[in-house]
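J.: Pasting the sequence and the predicted coordinates here, then a few questions.
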Amino acid sequence: EDQVTQSPEALRLQEGESSSLNCSYTVSGLRGLFWYRQDPGKGPEFLFTLYSAGEEKEKERLKATLTKKESFLHITAPKPEDSATYLCAVQAPGGNEKLTFGTGTRLTIIP
Amino acid sequence: SAVISQKPSRDICQRGTSLTIQCQVDSQVTMMFWYRQQPGQSLTLIATANQGSEATYESGFVIDKFPISRPNLTFSTLTVSNMSPEDSSIYLCSVGPGWGEQYFGPGTRLTVT
């Protein structure tokens, strides 16, 4: 069974303090790994797709990286508007196209 | 990416009743998905809905409890039947090209009393 574990559960950073969020996964073959941002009361917002180990994607202050066992979401010089829950999901071949999600990291950036 | 809307955005229902949630997309899509997000837990896929065929349910979810309709390529409904407090959750629809990223609606927050 596919599994996704995210750490830490919650992270509080001062504005400008860089850090990384972790997503460890176990799948029977990886079709894709996805990062989402979810604000309170809203649906997840798509950020990145990573397909193979060594791949990196960047968007503003966020950079996602992928190895064969885990993915990191690096946040550089965060701002208060980066506060949200960040979700990681994997998609595996065989059967349907479902996403298996982790429980997320709740990030708070303190001004 | 597609623009997705859901109705209602939230509701409070009594146990034993049913609620139908609507999902509307601004463009034609092949695959539509229904997820549940329980408090403090991850999103869990309920079923996949393809137009013109029966929905495919994940383990632990059954059609009698969560009937789904998919009458065309831009619309789907999920009904939560005979509700109990354990059904209190956020219900989300998503769309995607099949393999690859999915785009989510804003969700329906359901509270069962």
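T.: Looks like it arrived, so ask away.
J.: Quick one: name the residues of chain B near chain A.
T.: Selection of chain B residues close to chain A by C-beta under 8 Å from any C-beta of the partner chain yields B:1, B:4, B:31, B:33, B:40-45, B:48, B:56, B:58, B:92, B:94, B:96, B:98-107, B:109. Where C-beta positions appear, they are placed from N, C-alpha and C, glycine not excepted.
J.: For chain B, what is the nearest residue in chain A?
T.: residue A:43 (3.7 Å; C-beta to the nearest C-beta).
J.: pretty sure that residue is in a strand, no?
T.: No: under DSSP: H, G, I helix; E, B strand; the rest coil, residue A:43 falls outside any strand and is assigned coil.
J.: residue nearest the centroid of chain B?
T.: residue B:34 (3.5 Å; C-alpha atoms, centre = their mean).
J.: Which of the residues of chain B next to chain A fall within strands?
T.: B:4, B:31, B:33, B:43-45, B:48, B:56, B:92, B:94, B:96, B:103-104, B:109 (DSSP state E).
J.: between these, which is nearest residue A:87?
T.: The closest of these to residue A:87 turns out to be residue B:43 (C-beta to C-beta; 7.3 Å).
J.: what's the pLDDT at the residue of chain B found nearest chain A?
T.: Closest to chain A within chain B is residue B:104: 3.7 Å, counting by C-beta to the nearest C-beta. Residue B:104 is assigned a pLDDT of 97 by the prediction.
J.: and residue B:98, what pLDDT?
T.: 69.
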